[in-house]
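Peer 1: show me how the following folds:
(chains A and B)
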There are 2 protein chains.
Amino acid sequence: MTEKNNEKRKAEERRTDENVIFVGNKPPIGYVLAVVTQFNQVSDEVVIKARGRAISRAVDTAEIVRNRFISDSVVKDIKIGTESIAREEGGTSNVSSIEICLATKKKSK
Amino acid sequence: MTEKNNEKRKAEERRTDENVIFVGNKPPIGYVLAVVTQFNQVSDEVVIKARGRAISRAVDTAEIVRNRFISDSVVKDIKIGTESIAREEGGTSNVSSIEICLATKKKSK
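Peer 2: Residues are numbered from 1 along each chain as shown, chains lettered A, B, ... in the order given. All right, here's what the predicted structure looks like:
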């Protein structure tokens, strides 16, 4: 039973990993296309993640997908958090993070 | 009846306006103090708003308030959207926006 649950959880984690788009410092359109591709190929749910200054770009990405490409998508959930990152000169610094979960209403591929 | 409702709505809008902190391009600590002051003086709910690149700073502000100043506060709701802004040279450009609603659990001032 526990094993089964573990397997289930692993499968969920795998699926989750595939659905995640990490937004960095490139122009938003590349991330937009990655999200759109995910929606078309695999899943009815995509998570857009970003840290620090890229957070604004993650919001841009979600908004462009929603307004211009996949009009039946909705913002299902948004989480914010703080991550500790090791600095090169020692010690850690905190950086904010965001996770935007976009989902399509209709599809059930 | 309608007048009464209007008054009620106006009162709500007024209250909402007072609770809103607009995050711009200054260092986050100023906005953090504004949010903390709001919580201490007036309300058990504060909305942090930002547009464009300041979105990252709005998330920083919310996280700093939550982690360092008001530890019983929670992220109640986050909304993202797109606003059209008139450009100086004519036409409009779209900019992303965020609204983070922070609330304290205990207080009921």
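Peer 1: part of a helix, is residue A:35?
Peer 2: Yes - applying DSSP: H, G, I helix; E, B strand; the rest coil, one finds residue A:35 inside a helix.
Peer 1: contacts only, for it.
Peer 2: Neighbouring residues of residue A:35 by CB atoms under 8 Å, 6 or more residues apart in numbering or on different chains: A:21, A:46, A:48, A:61-62, A:65, A:102. Every C-beta, even on glycine, is put in place using the N, C-alpha and C of the backbone.
Peer 1: near chain B, which of these show up?
Peer 2: Restricting the contacts of residue A:35 to those near chain B by CB under 8 Å from any CB of the partner chain leaves residue A:62.
Peer 1: what bridges to residue A:46?
Peer 2: Beta-bridge partners for residue A:46, by DSSP bridges, are residue A:102.
Peer 1: touching, it and residue A:19? I think so.
Peer 2: Yes - under the criterion of CB atoms under 8 Å, residue A:46 makes contact with residue A:19 at 5.3 Å.
Peer 1: may I have the one helix or strand residue A:57 maps to as PDB, with CA atoms only?
Peer 2: Assigning secondary structure by DSSP states H and E places residue A:57 in helix A:54-64. Below are the C-alpha coordinates for helix A:54-64, written out as PDB (Å, rounded to 0.1, in the frame of the first residue of the first chain):
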ATOM      1  CA  ALA A  54      12.400  37.300 -13.300                       C
ATOM      2  CA  ILE A  55       9.200  37.300 -11.300                       C
ATOM      3  CA  SER A  56       7.800  40.200 -13.300                       C
ATOM      4  CA  ARG A  57       8.700  38.200 -16.500                       C
ATOM      5  CA  ALA A  58       6.800  35.200 -15.200                       C
ATOM      6  CA  VAL A  59       3.700  37.300 -14.800                       C
ATOM      7  CA  ASP A  60       4.200  38.800 -18.300                       C
ATOM      8  CA  THR A  61       4.500  35.200 -19.700                       C
ATOM      9  CA  ALA A  62       1.300  34.100 -18.000                       C
ATOM     10  CA  GLU A  63      -0.600  37.200 -19.200                       C
ATOM     11  CA  ILE A  64       0.600  36.900 -22.800                       C
END
